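Asks: Pasting the sequence and the predicted coordinates here, then a few questions.
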Amino acid sequence: MNGLKIRNARVVDPSQDLDCVRDVFVRDGVFADSAPDSAVEIDAGGLALVPGFVDMHAHLREPGQTSKECVATATAAAAAGGFTSVMAMPNTVPAADSPATVRLINDIIAESAKVRVYQSGCITEGRRGEKLAPIGSLAKLGVKAITDDGSCVQSAELMRNAMVYAKMFGLFVMDHCQEATLTRAGQMHEGEWSVRLGLGGWPAAAEDIIVSRDVILAHYAKCHIHLQHISSALSVDIIRGAKKRGTSVSAEATPHHLSLSDECLAGYDTNYKMCPPLRSRQDVEALIGGVADGTIEVIATDHAPHTDTEKDMAFDAAPFGITGFETAFSVCHGALVRSGRISLMKLVELMSTNPARILGVDAGTLRAGSPADFALVDESAEWVYDSTRSRSSNSPWFGKTLRGKVVRTFVGGKSVFGD
Amino acid sequence: MAAKEFSGGFSWARKDLTCTEDLSLREVDEIFSLADIFKAEVKKDRTKLPYLSGKTVVNLFFEPSTRTRTAFEMAAHKLGADVISFSSSISSSVKGETLKDTARNIEALMADMIIVRHSSSGAAKYLADRVGIPVINAGDGAHAHPTQALLDAFTMRERLGPDFKGRKVTILGDILFSRVARSNIHLLNKLGAKVTLAGPSTLVPPEFEKMGVEVSCDLAKAVSDADVVMLLRIQHERQSSAHFPSISEYANIFGLDRRRAHLLKPGAIIMHPGPINRGVELDSFLADSGRSVILNQVTNGVAVRMAVMKLCMGATLGRLAK
């Protein structure tokens, strides 16, 4: 009988309202109340033991863009960041809009994933925003949600029908909120810095408009809507109001939108170019407020690998996005926990408990009987982020010193990172 | 005084000129003093000055340009350099070569200096950081056009005197998309002038105030106490992106024409980086009047660019000598 006995860790599990030093036991890949006699003992004194992080928003790039990343390298990086479950976005090449492609992706995941991977399906064929994808067939193949991430469905009618139709199969829509006419020339947040730098502005209003539309549609259709990578202060307010009204809405924020602002673009470094763009300091502050008061329930990475060649371009020509798995915990711990805005318990709720609940998967908990997916983290360790398991290193933190580190990661009781 | 004796105990250390924002007053002064000398010498006997003889300057223009490219070519010729021009239609960008590869190839061809124009803001700095030879920005996106701002200030100095303190400069037109406006704002602020931006509200967002300028949509107010009125070209393509209704409405409301000539105070000068849309932002009546220094700007553009090229090339040679 396989087993683990992890001793002396500070155990933090929001799903059981647990924050104390105690031993954790694993038996046959699941958490247990005691360990088998043959259990391997791990002394985790000085470390925190948390449910493995669950990332609702990641780009694994396989199939089709394996020069940027593949499932094997992405999930190795996820493991190094303490993530034991990730949801893959459907903007692969081809897009995950057909049963054939989802089957292929399921096979790749089964062969090479080092952590649990959930697949999302497209809302529309080819993510073109014109015609619904075969959502029911995708649901049968196991997709957990639908999204046209990166290409927001512009038609309100189509979006409403997607919500209503997907609900029939137990799926919900995750939306990348971007009104397209306002962002045609967008390179960065529209504001003081876009004006200074002469870069095309990407107004917060483009997000706010679609956030408003989506919560209104979800309200009338009585459907759940999940709003991806919220970045604007007004959007936080709109979501807060919708929740107060009882609309079934959840929202995520990324580590970078919680920690960086638009002035970072001053040197035209394309590793600060992402979508949605880094916003103003006031937006960052409002976003942190939204995280602290529960308006935003999820931290998701939007891990978006691009090759050095693609990023090493004139600013307008470089693609949007940065990698995120390996730095998410450190960055959020610094911006939210060490800064005194939220507790470690709350951070774990945002990174593990809530995303697992929203996705409806048995994860994000240390409860006996649940899969033994967990991470050991050192809250005070300093480390230099100078190597990556990802195939790409397009991160503004690459080469920088960070504090707070994931030390070990286990999926189903098996070590997937650190020894 | 011959240019080779000119130094003033100041050592120019800048390899590149990518923007006016980080230029020191001392550096601006150095450029102006050298441009004074070059302008006088070139005017006197129209011969070449040999400071860049044996050097090859490459014009790397990813955006169409006639006047800026020609002005740089002229400046390089006057300094005795050979000039090779790449324009976007024949460059390899259409074949998918990256900006970095194009630049490094030019460097490997043993060119001595790159003059670059590119549609992306930040492109000149991007190049400058990646090649060892001097890079002069001839316009990057809506970010910067430093030699234009320098020749503009040089022209103001010539006409209004060397003290910019308290001088009022109004820049009028499509500010949002203008690299000329941004480079002028930085340089004129540095020199102590007071800058007002004016134009349709869609093209002059209030965020510009954070750069230390005044923003106004009232043309009469903006030009009436200005020592300098600088018009920017209204670009027809902005119409299609819904920033203002029509060229004729622009001309009616913001055009500097005969009806508004009386608003200008005595001695005020009119500038324009060119090319002018006659009858749109500026009437011929004013463009060809005694107030207009538009052709002086063109002439000064050669001298100022000669100064910038010599100084930046000198910095590189100094570096090699060490």
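Replies: Received, thanks.

Asks: With adjacent residues omitted, what lies nearest to residue 65?
Replies: Reading this off chain A. A:Val93 (5.8 Å; CB to CB, 6 or more residues apart in numbering or on different chains). In short, each C-beta sits where N, CA and C put it, glycine included.

Asks: try again with chain B
Replies: B:Arg117 (5.6 Å).

Asks: Name the helix or strand for the one you found, please.
Replies: strand B:113-118 (DSSP states H and E).

Asks: Output the lowest mean pLDDT helix or strand found in the chain.
Replies: Chain wasn't specified; assuming chain A. helix A:308-311 (a mean of 94; mean pLDDT, DSSP states H and E).

Asks: let's do chain B instead
Replies: Per mean pLDDT, DSSP H and E, helix B:237-240 ranks last in chain B, at a mean of 60.

Asks: Can you pull the poorly scored residue ranges out of the stretch 51-200 of chain B?
Replies: B:88-96 (pLDDT under 70).

Asks: Contact residues of it facing chain A?
Replies: Applying CB under 8 Å from any CB of the partner chain, we find that the stretch 51-200 of chain B lies next to chain A at B:98-100, B:118-123, B:125-126, B:140-144, B:176, B:179, B:182.

Asks: and with 6 Å instead?
Replies: Proximity of the stretch 51-200 of chain B to chain A (CB under 6 Å from any CB of the partner chain) is limited to residues B:Thr98, B:Leu99, B:Ser120, B:Ser121, B:Gly122, B:Ala123, B:Tyr126, B:Gly141, B:Ala142, B:His143, B:Arg182.

Asks: a helix runs through the last one, doesn't it?
Replies: Yes. The assignment for B:Arg182, made by DSSP: H, G, I helix; E, B strand; the rest coil, places it in a helix.

Asks: Report the separation between it and B:Leu176.
Replies: Here B:Arg182 is placed at a distance of 10 Å from B:Leu176 (CB to CB, to the nearest Å).

Asks: Between those two, which is the more surrounded one?
Replies: B:Arg182 (29 against 23; other CB atoms under 10 Å in any protein chain shown).

Asks: OK, contacts around the more buried one?
Replies: Counting by CB atoms under 6 Å, 6 or more residues apart in numbering or on different chains, B:Arg182 touches A:Gly198.

Asks: tell me what the lengthiest helix in chain B is packed against?
Replies: The residue-count maximum for a helix in chain B (DSSP state H) belongs to helix B:294-321. Applying 3 or more CB pairs under 6 Å, 6 or more residues apart in numbering or on different chains; DSSP states H and E, one finds that helix B:294-321 makes contact with helix B:25-45, helix B:67-78, helix B:146-160.

Asks: Buried residues, it. List them.
Replies: Neighbour-count burial for helix B:294-321, counted by 16 or more other CB atoms under 10 Å in any protein chain shown, picks out B:294, B:296-316.

Asks: now swap in stretch A:251-269 and tell me
Replies: A:251-265, A:268.

Asks: now the helices and strands packed on helix B:294-321 as TSV including mean neighbour count?
Replies: Supplementary listing: the helices and strands packed on helix B:294-321 in TSV, determined by neighbours: other CB atoms under 10 Å in any protein chain shown:
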stretch	mean neighbour count
helix B:25-45	17
helix B:67-78	21
helix B:146-160	24
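
Asks: can you pull the contacts of the residue of the stretch 201-322 of chain B found nearest chain A?
Replies: At 4.1 Å from chain A, B:Glu207 is the closest residue in the stretch 201-322 of chain B, using CB to the nearest CB. B:Glu207 makes contact with A:Glu192, A:Val195, according to CB under 6 Å, 6+ apart.

Asks: would it count as being in a strand?
Replies: No. Secondary structure of B:Glu207, determined by three-state DSSP: helix, with no strand assignment.

Asks: From B:Arg233, how far off is the closest residue to B:Ala181 other than its chain neighbours?
Replies: Spatial nearest neighbour of B:Ala181, chain neighbours left out: B:Ile175 (4.7 Å); criterion: CB to CB, 6+ apart. Going from B:Ile175 to B:Arg233 by CB to CB gives 12 Å.

Asks: Specify which residue of the two has the higher count of neighbours.
Replies: A count of neighbours by other CB under 10 Å puts B:Ile175 above the other of B:Ile175 and B:Arg233, at 24 against 18.

Asks: So what does the residue most central in space within chain A look like in phi/psi?
Replies: Among the residues of chain A, the one closest to the centroid is A:Ala300, at 2.2 Å (CA atoms, centre = their mean). Per-residue torsions, A:Ala300: phi -130, psi 150 (degrees, to the nearest 10).

Asks: What's the per-residue pLDDT of it here?
Replies: The model reports A:Ala300 with a pLDDT of 98.

Asks: thought it was touching A:His57?
Replies: Yes. A:Ala300 lies in contact with A:His57 (CB atoms under 6 Å); the separation is 3.7 Å.

Asks: so who does A:Leu260 touch?
Replies: Contacts of A:Leu260 (CB under 6 Å, 6+ apart): A:Leu278.

Asks: Same question for A:Ala328.
Replies: The contact partners of A:Ala328, by CB under 6 Å, 6+ apart, come to A:Gly81, A:Pro255, A:Thr301.

Asks: between the residues you listed, which is nearest chain B?
Replies: When those are compared for distance to chain B (CB to the nearest CB), A:Pro255 wins out at 24.7 Å.

Asks: ok, A:Lys167 - how many residues close by?
Replies: Residues contacting A:Lys167 under the criterion other CB under 10 Å number 15.

Asks: Walking through chain A, point out its helices one by one.
Replies: A:71-80, A:99-112, A:135-140, A:156-167, A:192-197, A:204-221, A:233-245, A:281-292, A:308-311, A:328-332, A:344-348, A:354-359.

Asks: Go through the ones you listed and find the least confident stretch.
Replies: Lowest mean pLDDT within the helices of chain A: helix A:308-311, a mean of 94.
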